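Q: A structural model of the following input is requested.
(one chain, ligands or ions: 1)
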Amino acid sequence: MPNRTAIVIDAHAHCGIIDRGTAQSWDDYRTHLAGTPIRGAALFSPVQEIYDRYDPEFVDTPDWQRRRRESNAYLLSLDSPGFAVHPYFFIWNDFAVDQLQPAHCGIKWHRHSDEPPYHYDTPACRAALTEIRRRRLPVVLEEEFSHTVRFIRELAEGITVIIPHLGMLNGGFGRIANEGLWDLEQVWADTALASAGDILAYLRRYGHERLLFGSDFPFGHPAAELAKVQRLGLTPETTAAVLGDNFRRLQAQVIRDGSR
Ligand SMILES: [Zn+2]
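A: Okay, here's the model as predicted:
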């Protein structure tokens with residue numbers, strides 16, 4: 001049998017150009033990949049390049065809009081021979097889906113409970129979801145529990161939602177299980193910083209077709225996160241699915257015509 005795990009995709013990594021508070025540049029990331037079989041990544045902007053996460057009263061400004069535009073555009077500019085960059089568009093309250101390009105591979109949607117809220121009940125939000133649905137872009141959704149439930153059950157019908165960290169920061173793996181969200185075909189997950197116990201529990205209950213390997217670089221280290229998954233004793237089929245095949249299947253559904 002050919003070695004189908006040869007090409008590994010990291011489905012969750014942050015790279016930035018503005019926020020230098022953490023070593024999270026494209027070069028930093030590639031340094032961390034040395035010696036690993038990771039040959040592609042879904043890249044998101046660092047949160048602090050998108051909104052001020054330390055100010056719950058944060059009000060958007062033209063300066064921040066410019067910052068977001070620059071940060072998102074930077075990911076589109078990355079290129080590396082032998083490495084597949086999959087830029088995800090980090091969306092915020094201007095819901096600027098007019099900035100989506102055919103090269104975009106997904107949406108990053110992120111907020112913690114002490115951070116400024118998304119304005120879900122605006123026409124702009126609904127219009128953005130319509131465009132995301134039309135392009136069949138997966139949404140990596142990190143939000144507090146009640147918003148996660150509402151997003152999936154009410155707002156994101158027909159949109160693939162990836163809950164990162166197996167739910168660790170969306171209310172927890174068990175709470176999401178009790179709510180029945182993992183059962184839904186539209187709900188996927190990633191392994192970034194998730195415990196071995198949660199990964200094994202997920203695979204036992206929900207199968208291996210909607211789980212993606214991710215590192216959450218710079219918060220997680222790609223080699224260590226990969227070793228964590230490889231140590232679980234999974235079957236070759238499950239390993240291949242989680243480390244790359246599922247990501248490739250997810251990306252095959254994205255519409256890249258660029259028209260609106
Ligand atoms: Zn992350």
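Q: just the helices in the stretch 101-250 of the chain please.
A: Under the criterion DSSP state H, counting those that start in this stretch, the stretch 101-250 of the chain contains helices at 123-135, 145-150, 173-179, 196-206, 222-230, 236-240, 246-252.
Q: may I see those helices arranged in TSV, with mean neighbour count and mean pLDDT as well?
A: From N, CA and C alone the C-beta is placed, and that goes for glycine too. Listed next are the helices of the stretch 101-250 of the chain as TSV, based on neighbours: other CB atoms under 10 Å; pLDDT from 0 to 100:
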stretch	mean neighbour count	mean pLDDT
helix 123-135	16	98
helix 145-150	17	97
helix 173-179	17	98
helix 196-206	15	98
helix 222-230	18	98
helix 236-240	17	97
helix 246-252	18	97
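Q: would you convert those into TSV that also reports distance to residue 190?
A: Output for the helices of the stretch 101-250 of the chain, formatted as TSV (distance: least, CB to CB, whole Å):
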stretch	distance to residue 190
helix 123-135	18
helix 145-150	14
helix 173-179	12
helix 196-206	10
helix 222-230	10
helix 236-240	15
helix 246-252	9
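Q: out of those, which is closest to residue 40?
A: helix 246-252 (7.8 Å; CB to CB).
Q: among the helices of the stretch 101-250 of the chain, which is nearest residue 42?
A: Nearest to residue 42, of the helices of the stretch 101-250 of the chain and by CB to CB, is helix 246-252 at 7.4 Å.
Q: can you tell which of the helices of the stretch 101-250 of the chain is closest to residue 9?
A: Using CB to CB, the helices of the stretch 101-250 of the chain put helix 246-252 closest to residue 9, at 4.4 Å.
Q: how far is the closest one from where the chain is centred?
A: Centre-to-centre, helix 246-252 and its host chain are 13 Å apart (CA atoms, centre = their mean, to the nearest Å).
Q: can you show me the CA trace of that helix as PDB?
A: Extracted in PDB, the C-alpha atoms of helix 246-252 (Å, rounded to 0.1, in the frame of the first residue of the first chain):
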ATOM      1  CA  ASN A 246     -10.000  15.000   5.000                       C
ATOM      2  CA  PHE A 247      -8.500  18.500   4.400                       C
ATOM      3  CA  ARG A 248      -8.100  17.800   0.700                       C
ATOM      4  CA  ARG A 249     -11.700  16.500   0.500                       C
ATOM      5  CA  LEU A 250     -12.900  19.600   2.200                       C
ATOM      6  CA  GLN A 251     -11.000  21.900  -0.100                       C
ATOM      7  CA  ALA A 252     -12.300  20.100  -3.200                       C
END
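Q: and for it, what's in contact with it?
A: 9, 11, 40, 42, 86, 105, 138, 160, 188, 208-213 (CB atoms under 8 Å, 6 or more residues apart in numbering).
Q: the same query, at a cut-off of 10 Å, please.
A: The contact list for helix 246-252, computed with CB atoms under 10 Å, 6 or more residues apart in numbering, reads 7-11, 40-42, 84, 86, 105-106, 136-138, 160, 162, 188, 190, 208-214, 240-241.
Q: so of those, which ones are in strands?
A: In strands, judged by DSSP state E, the following of the contacts of helix 246-252 are found: 8-11, 40-42, 84, 86, 106, 162, 188, 190, 211-212.
Q: thinking again about what came up before, list buried members of the contacts of helix 246-252 by neighbour count.
A: 7-11, 40-42, 86, 105-106, 136-138, 160, 162, 188, 190, 208, 210-214, 240-241 (16 or more other CB atoms under 10 Å).
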